[in-house]
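Chemist: Starting from these lines, generate the structure:
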Amino acid sequence: MESAILGVVLDSSIVITAERRRLPVPANDLLIAAAALEQDYAVLTENIRHFEKIPGLRVVKL
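Modeler: Residues are numbered from 1 along each chain as shown. Sure, this is the predicted structure:
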């Protein structure tokens, strides 16, 4: 349960950061980024364009 609460708080933080920087990052990518950051994972993707804009997120091009 504690993990789920942290995920929601972390996701809100990412959304606020993205909005303040006017980053056009889709909501589904923000949720993926929040989960990866919470678990200290990297995101493996072909589309690095959205993910590379999120501070602290490790992104690996597929």
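
Chemist: List the residue ranges of this structure that fall below the pLDDT cut-off.
Modeler: 1-23 (pLDDT under 70).

Chemist: Would you state the helices of it in chain order?
Modeler: 2-20, 27-39, 48-51 (DSSP state H).

Chemist: Buried residues of the second one, list them for me.
Modeler: Within helix 27-39, the residues that qualify as buried are 29, 30, 32, 33, 34, 36, 37, 38, counting by 16 or more other Cβ atoms under 10 Å. The C-beta positions use only the backbone N, C-alpha and C, and glycine is treated the same way.

Chemist: got it, and the shortest one?
Modeler: Burial within helix 48-51, assessed by neighbour count using 16+ other Cβ under 10 Å, is assigned to 50, 51.

Chemist: Can you list the helices and strands that that helix packs against?
Modeler: For helix 48-51, the elements it packs on are helix 27-39, strand 58-61, judged by 3 or more Cβ pairs under 8 Å, 6 or more residues apart in numbering; DSSP states H and E.

Chemist: Turn these into JSON lines, including distance to residue 45.
Modeler: Listed next are the helices and strands packed on helix 48-51 as JSON lines, based on distance: least, Cβ to Cβ, whole Å:
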{"stretch": "helix 27-39", "distance to residue 45": "8"}
{"stretch": "strand 58-61", "distance to residue 45": "7"}
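
Chemist: Understood, closing this out.
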